[in-house]
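Trainee: pasting the sequence and the predicted model now:
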Amino acid sequence: MKVLALGACGGMGRHAAKTLVSQKWCDRIFIADIDKKRAEAFARELGDVARPIVLDISDSVALDAAAASADLVMNTVGPFFRFGLQVLSSCIRTRRNYVDICDDWEPTISMLDLHEEARDAKITAIIGMGASPGISNMLAKKALMNLDMPEQIFTVWDIEAAKPEIITKKPSAATIHGIHQLTGKIKLFENGKYIDASPITPINLDFPGVGSRRLHTIGHPESVTFPRYYPALKASKNVFIISTLNLAGLKLIVWMVNRGFLSVETAAGIAEKIEGPADRGRTNEKMLAEFSRKRNPKLPPLFALATGLRKGRLARSACAVLSAPPGGMGGATGVPLAIGAMMILKKAVTDYGVFAPEGILDPDMFFQALAPLCVPRKENTDGLVLTRIVEE
């Protein structure tokens, strides 16, 4: 099976491509990049299974030709509010399967609206198959499965775990995405309907065994996708964890963007310089250790919390991962993407259309594939995912 990897030379795409090759999940992978030397260097690193191609995805004719040469297109070119819809549209035109890490809610809505076109083209497209969205969706689906009548779903991630591994002269697409989703208005699902809301709105959540903590809203796909598949839900929100000091700095940056003093790109560059790369401060490993300690535990860096009825009583159902792929944000995002690609290539999923992860993937099957790719290694879903249920 052949895979066209768009953006594979970037931080997340590299991890996805390496995982596909190391696990022998594809026979050929085309490393596409606008920079010929960079594509050639990474293809050499991957070995004989890889072939470099020069591609500018803004050229629709060239993009269609490249997509047609593969069985599946794996897209990590961000930010997705600029590039997501056009790449998926190319796959529908060329009748090629598709998977990406889209983490912007605006194109998520537009891409899901292409469901019938993708179904008619007989392709499978999974969007948002990274960490959040991605792993978070699978955790949320597991949490919802523990309730008889789910009412609310919250997907949660620690913003300090989402730092880029390397700080460069230009801000990363991930940081640009983050600033974009913290400015202006965002789409949330509240009281049974979609609403336009201000980001960074405080919300208190009580994770079983940790206690109530104040978190803050951000624009993200999970907020808009879950109500599509769980029509009984009354609320769906994505929220982030942040320290008090970093929150103050973030609010100042967002204020300056909203009032036109800074562009999103300039603000992203400032945010990266203030925070520094991911190898400083609280790494994902340290965050998991802080969650696992017996005294004064902190929230896990990535989890989902569902509320509703269980056996006729109000209940909270929480699911968190106890390990993660190596490589910081790049690994945590790229490895799930590779698993999504594998599930399509190996026909573990066969439905046609455009789906968010929770709309097509079985969470236990996903975590079973993810577990041995984590550090520390886990053998199965039960070893990787912690579930806590509290009935009131």
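Mentor: That came through fine. None of these values were measured; they are calculated from a predicted model.
Trainee: surely Ile218 touches Ile200?
Mentor: Yes. Using C-beta atoms under 8 Å, Ile218 makes contact with Ile200 at a distance of 7.4 Å. In this view, the C-beta of every residue, glycine as well, is placed from N, C-alpha and C.
Trainee: how near is Gly47 to Lys18?
Mentor: As judged by C-beta to C-beta, to the nearest Å, Gly47 and Lys18 stand 10 Å apart.
Trainee: quick one, which of the two is more surrounded?
Mentor: Per other C-beta atoms under 10 Å, whichever of Gly47 and Lys18 has more neighbours is Lys18, with 20 against 10.
Trainee: helix or strand next in line after the strand or helix carrying Trp255, which one?
Mentor: Secondary structure from DSSP states H and E places Trp255 in helix 244-258. Using DSSP H and E, the next helix or strand after helix 244-258 towards the C-terminus is helix 264-275.
Trainee: tell me the mean pLDDT over that next one?
Mentor: Computed over helix 264-275, the mean pLDDT rounds to 83.
Trainee: which element, helix or strand, includes the residue lying closest to Ala268 once chain neighbours are set aside?
Mentor: Nearest non-adjacent residue to Ala268, counting by C-beta to C-beta, 6 or more residues apart in numbering: Pro171, 3.7 Å away. In the assignment (DSSP H and E), Pro171 maps to no helix and no strand.
Trainee: number of nearby residues for Pro171?
Mentor: Neighbours around Pro171, by other C-beta under 10 Å: 22.
Trainee: contacts only, for it.
Mentor: Glu265, Ala268, Gly269, Ala271, Glu272 (C-beta atoms under 8 Å, 6 or more residues apart in numbering).
Trainee: need the per-residue pLDDT for Val49.
Mentor: pLDDT at Val49 comes out at 97.
Trainee: need the residues touching each of Ile218 and Ile200.
Mentor: Common neighbours of Ile218 and Ile200, using C-beta under 8 Å, 6+ apart, are Leu182.
Trainee: so between the two, which is more surrounded?
Mentor: Ile218 (23 against 17).
Trainee: how about that one, phi and psi?
Mentor: phi -150, psi 150 (degrees, to the nearest 10).
Trainee: who does Met74 bridge with?
Mentor: Beta bridges link Met74 to Ala5, Val99 when assigned by DSSP bridges.
Trainee: that one and Asp100 touch, don't they?
Mentor: Yes. Applying C-beta under 8 Å, one finds Met74 in contact with Asp100, separated by 7.4 Å.
Trainee: got any residues that touch both of these two?
Mentor: In contact with both Met74 and Asp100: Leu337, using C-beta under 8 Å, 6+ apart.
Trainee: all the strands of the stretch 201-350 of the chain, residue numbers only.
Mentor: 202-207, 211-217, 235-241, 302-310, 313-321 (DSSP state E, counting those that start in this stretch).
Trainee: turn those into JSON lines, including distance to Leu386.
Mentor: Converted to JSON lines, these look like this (distance: least, C-beta to C-beta, whole Å):
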{"stretch": "strand 202-207", "distance to Leu386": "10"}
{"stretch": "strand 211-217", "distance to Leu386": "16"}
{"stretch": "strand 235-241", "distance to Leu386": "17"}
{"stretch": "strand 302-310", "distance to Leu386": "8"}
{"stretch": "strand 313-321", "distance to Leu386": "5"}
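Trainee: out of the ones you listed, flag the one nearest Lys378.
Mentor: strand 313-321 (8.9 Å; C-beta to C-beta).
Trainee: quick one: list the elements packing against the closest one.
Mentor: helix 135-145, strand 302-310, strand 385-391 (3 or more C-beta pairs under 8 Å, 6 or more residues apart in numbering; DSSP states H and E).
Trainee: show me what it pairs with in its sheet, parallel or antiparallel.
Mentor: strand 302-310 (antiparallel), strand 385-391 (antiparallel).
Trainee: so which bits of the shortest one are buried?
Mentor: Translated: strand 385-391. Val385, Leu386, Arg388 (16 or more other C-beta atoms under 10 Å).
Trainee: mind listing the strands for the stretch 1-150 of the chain?
Mentor: Going by DSSP E, counting those that start in this stretch, the stretch 1-150 of the chain shows strands at 2-6, 28-33, 50-54, 72-75, 97-100, 124-126, 149-158.
Trainee: picking that back up, could you dump the strands paired with strand 313-321 to JSON lines with distance to Leu4 and mean pLDDT?
Mentor: Supplementary listing: those in JSON lines, determined by distance: least, C-beta to C-beta, whole Å; pLDDT from 0 to 100:
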{"stretch": "strand 302-310", "distance to Leu4": "29", "mean pLDDT": "97"}
{"stretch": "strand 385-391", "distance to Leu4": "32", "mean pLDDT": "96"}
